[in-house]
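Novice: when you get a sec, could you give me coordinates for this:
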Amino acid sequence: MNAVPDPRWAPHATVATVVVDGGRVLLVEETIDGRAVLNQPAGHLEPGESLAAAALRETCEETGWTVELTAFIGCYQWTAPDGTAFLRFCYAARPLSHDATQPLDAGIDRALWLDPAELQAAGERLRSPLVWQVVADYLAGQRFPLHLVREIA
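Specialist: Below is the predicted model of the structure:
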């Protein structure tokens, strides 16, 4: 029996965190298809997880930093060149503590801090156009209360 394909659009739900300290932005360098690229601490939402909890988890797993979310920056819709659709929910955060001994997620080469000009100049090294757009929106003052994103139990 052949299954009928599901005609609904089903984008990947992801989170990203813009962590700023001393004018620098926390990023991860990861290897994708043999190429070192820069990204915010980011990742997929797991079943049963709130967006805020996913942002905190991904930031810690990818950088070793424990952070406190301070604002919601926005939701970004993007389709990758391979046709994969994403909805990315982005948060602002401030760093609380760092565990330099924590192993980073598979695929993450290192966490690093860059000033915004260095990040913008990275151009082709950005994993996607979302990386700079979210930081640009943050720098422009785009911040919404955390309660804008509600989890209904």
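Novice: tell me the phi and psi of D137?
Specialist: phi -60, psi -40 (degrees, to the nearest 10).
Novice: residues contacting it?
Specialist: Residues counted as contacts of D137 (Cβ atoms under 8 Å, 6 or more residues apart in numbering) are 73-74, 90. Yep, even glycine has a C-beta here, placed from its N, CA and C like the rest.
Novice: got JSON lines for these, with neighbour count too?
Specialist: Rendered in JSON lines, the data for the contacts of D137 read as follows (neighbours: other Cβ atoms under 10 Å):
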{"residue": "I73", "neighbour count": "22"}
{"residue": "G74", "neighbour count": "17"}
{"residue": "C90", "neighbour count": "26"}
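Novice: among those, which lie within helices?
Specialist: Under the assignment DSSP state H, the contacts of D137 contribute nothing to helices.
Novice: list the ones among these that fall in strands.
Specialist: Of these, the ones assigned to strands by DSSP state E are 73-74, 90.
Novice: want to throw those residues into a markdown table with distance to D109 and pLDDT?
Specialist: Listed next are these as a markdown table, based on distance: Cβ to Cβ, whole Å; pLDDT from 0 to 100:
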| residue | distance to D109 | pLDDT |
| --- | --- | --- |
| I73 | 25 | 98 |
| G74 | 27 | 98 |
| C90 | 22 | 98 |
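Novice: Y138: which of these is nearest?
Specialist: Ranking the ones in strands among the contacts of D137 by separation from Y138, with Cβ to Cβ as the measure, puts I73 on top at 5.5 Å.
Novice: might one say that the closest one is in contact with A93?
Specialist: No - judged on Cβ atoms under 8 Å, I73 makes no contact with A93 at a distance of 10.0 Å.
Novice: what's the overlap in contacts for these two?
Specialist: What both I73 and A93 touch, as defined by Cβ under 8 Å, 6+ apart, is the set V18.
Novice: tell me where the protein has helices.
Specialist: In the chain, the helices defined using DSSP H lie at 51-63, 116-121, 129-139.
Novice: deepest-packed of the ones you listed, please.
Specialist: Neighbour counts (mean count of other Cβ atoms under 10 Å) averaged over each of the helices of the chain peak at helix 51-63, with a mean of 22.
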